[in-house]
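A.B. asks: fold the following.
(2 chains)
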Protein chains: 2
Amino acid sequence: MNRPQSIERMIDVIKRLPGVGPKMAERLSYYILKMPDSEVNRLIESILKARQVMKSCSVCYNLSEYDPCPVCSDLDRERNVVCVVETPQDLIAVSKVKDYKGLYFVLGGALSPLDAVGPSDIRIDKLIKRLKSDNISEVIIATDTDSKGEMTAVYIAELIKKLGVKVTRLGYGLPVGGDIEYADEVTISMAIAGRKEM
Amino acid sequence: MNRPQSIERMIDVIKRLPGVGPKMAERLSYYILKMPDSEVNRLIESILKARQVMKSCSVCYNLSEYDPCPVCSDLDRERNVVCVVETPQDLIAVSKVKDYKGLYFVLGGALSPLDAVGPSDIRIDKLIKRLKSDNISEVIIATDTDSKGEMTAVYIAELIKKLGVKVTRLGYGLPVGGDIEYADEVTISMAIAGRKEM
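C.D. replies: Sure thing, here's the model as predicted:
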């Protein structure tokens, strides 16, 4: 027999999620079909609630329940250093390093000509505007170390240098071709200590 | 900074799904946060709709939008042969084999003493009751070929033989230690052709 249409539809929607193949979508769908109502409600509510309360911080574009986010409104941090990351997940990873006390800026992606992602598709203009208005003395670029992240770092560094602001890139310690989000704290800490001027 | 509570909660709920580790739950959560409303609605609606319309067939316990399911209500099938499977997914896999024209019975699992799943936790009583009331001349056992599936097959076969009904088990062709759901059609077809009396 053919699979019932409503399960087919559910599998079809679930398999569009990142990292979920057809077999896993099928397994998840049958599992969700058999879940108690209370668990399904918890799943759906957690999604809707998070989507409802999370906003972009208007200063650093971090995802937060508050605007400005707790990092940007923390007056004890070094307010003249900004660490530039691609995503909110990357920000969380860097913020686990206790010896970094500066601020952040979330680009919202990396340049990628093959995917038609150009400078106007990520928040480069907003970063430059912030550097001009705030009193920033150093920008630490912590984009991923894959080709897109590297390209983005080089592109941004050129723009920032023109403003007369010091630009550094996370140094040795980071594995090449990797994703910052998955780096361990010690590695990120070493990379901050060994950062190099661009 | 710590991850916002509502994202933490969403990750926590999503990582309880089968096959989803903490990193994947995180990735899925951030992805779902950024999805357009229309896509989130589609995801949630497909889940709720499937849960609402799917029921267990009262004859074979297959998941279906109808009761009895399309297989059980198809009068062109051989109504004296029943293929016993563990799950509705296994039923779909077997039903792709065009040369099997009989009916089905979904046990809803396999015996597993280590997980405290005994005969009363799967539908063995209901299977025996159906074999007694319907005019069944052969039962083909198509439980998984792992130890739980084998144990279940042996246990059920003993009960069925007492009823004087022929019992067969899917034969060679199935890889040992595997899950029927992931077998290809040709392998299942060979296994049906080579089924052995128990």
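A.B. asks: residues in contact with A:Ile7?
C.D. replies: Neighbouring residues of A:Ile7 by C-beta atoms under 8 Å, 6 or more residues apart in numbering or on different chains: A:29-30, A:33, B:50, B:54, B:63. Just so you know, the C-beta spots here come from the backbone N, C-alpha and C atoms, and that holds for glycine as well.
A.B. asks: just checking, which of those residues belong to helices?
C.D. replies: A:29-30, A:33, B:50 (DSSP state H).
A.B. asks: nearest to A:Arg77, of those residues?
C.D. replies: A:Ser29 (45.0 Å; C-beta to C-beta).
A.B. asks: domain-wise, how is chain A divided?
C.D. replies: For chain A, automatic domain parsing gives the domain ranges A:5-53, A:56-197.
A.B. asks: low pLDDT regions in chain A?
C.D. replies: A:172-176, A:190, A:194, A:196 (pLDDT under 70).
A.B. asks: how far off centre is stretch A:181-195?
C.D. replies: 16 Å (C-alpha atoms, centre = their mean, to the nearest Å).
A.B. asks: next: stretch A:14-27.
C.D. replies: With C-alpha atoms, centre = their mean, you get 23 Å for stretch A:14-27.
A.B. asks: any figure for the gap between the residue nearest the centre of chain A and chain B?
C.D. replies: Against the mean C-alpha coordinate of chain A, by C-alpha atoms, centre = their mean, the closest residue is A:Thr87 at 1.1 Å. Separation of A:Thr87 from chain B (C-beta to the nearest C-beta, to the nearest Å): 7 Å.
A.B. asks: the residue lying closest to that residue once chain neighbours are set aside bridge partners, please.
C.D. replies: Distances taken as C-beta to C-beta, 6 or more residues apart in numbering or on different chains place A:Val106 nearest to A:Thr87, at 6.6 Å, with adjacent residues excluded. Beta-bridge partners recorded for A:Val106 (DSSP bridges): A:Val85.
A.B. asks: gap between A:Val106 and B:Asp146?
C.D. replies: 47 Å (C-beta to C-beta, to the nearest Å).
A.B. asks: which one of those two is surrounded by more residues?
C.D. replies: Each of A:Val106 and B:Asp146 has its neighbours counted (other C-beta atoms under 10 Å in any protein chain shown); A:Val106 has more, 25 against 16.
A.B. asks: what is the most widely separated pair among the ones in helices among the contacts of A:Ile7?
C.D. replies: Pairwise distances across the ones in helices among the contacts of A:Ile7 peak at 9.8 Å for A:Tyr30 and B:Ala50 (criterion: C-beta to C-beta).
A.B. asks: settle it for me: which of the two has more neighbours?
C.D. replies: The neighbour count for A:Tyr30 versus B:Ala50, taken as other C-beta under 10 Å, is higher for B:Ala50 (24 against 21).
A.B. asks: wait, isn't the more buried one in contact with A:Met10?
C.D. replies: Yes - applying C-beta atoms under 8 Å as the test, B:Ala50 and A:Met10 come out as touching, 4.5 Å apart.
A.B. asks: common neighbours of those two, please.
C.D. replies: A:29, A:32-33.
A.B. asks: turn those residues into TSV, including neighbour count and distance to chain B.
C.D. replies: Below are the shared contacts of B:Ala50 and A:Met10 laid out as TSV (neighbours: other C-beta atoms under 10 Å in any protein chain shown; distance: C-beta to the nearest C-beta, whole Å):
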residue	neighbour count	distance to chain B
A:Ser29	25	7
A:Ile32	20	6
A:Leu33	17	6
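A.B. asks: JSON lines for those residues, including distance to B:Met151?
C.D. replies: Compiled in JSON lines, the shared contacts of B:Ala50 and A:Met10 are given as follows (distance: C-beta to C-beta, whole Å):
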{"residue": "A:Ser29", "distance to B:Met151": "28"}
{"residue": "A:Ile32", "distance to B:Met151": "28"}
{"residue": "A:Leu33", "distance to B:Met151": "26"}
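A.B. asks: which single one of those is nearest to A:Leu91?
C.D. replies: Out of the shared contacts of B:Ala50 and A:Met10, the member with the shortest distance to A:Leu91 (by C-beta to C-beta) is A:Ile32, at 31.0 Å.
A.B. asks: as a markdown table, the domains of chain A with distance to B:Pro113 would be great.
C.D. replies: Converted to a markdown table, the domains of chain A look like this (distance: least, C-beta to C-beta, whole Å):
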| stretch | distance to B:Pro113 |
| --- | --- |
| domain A:5-53 | 22 |
| domain A:56-197 | 40 |
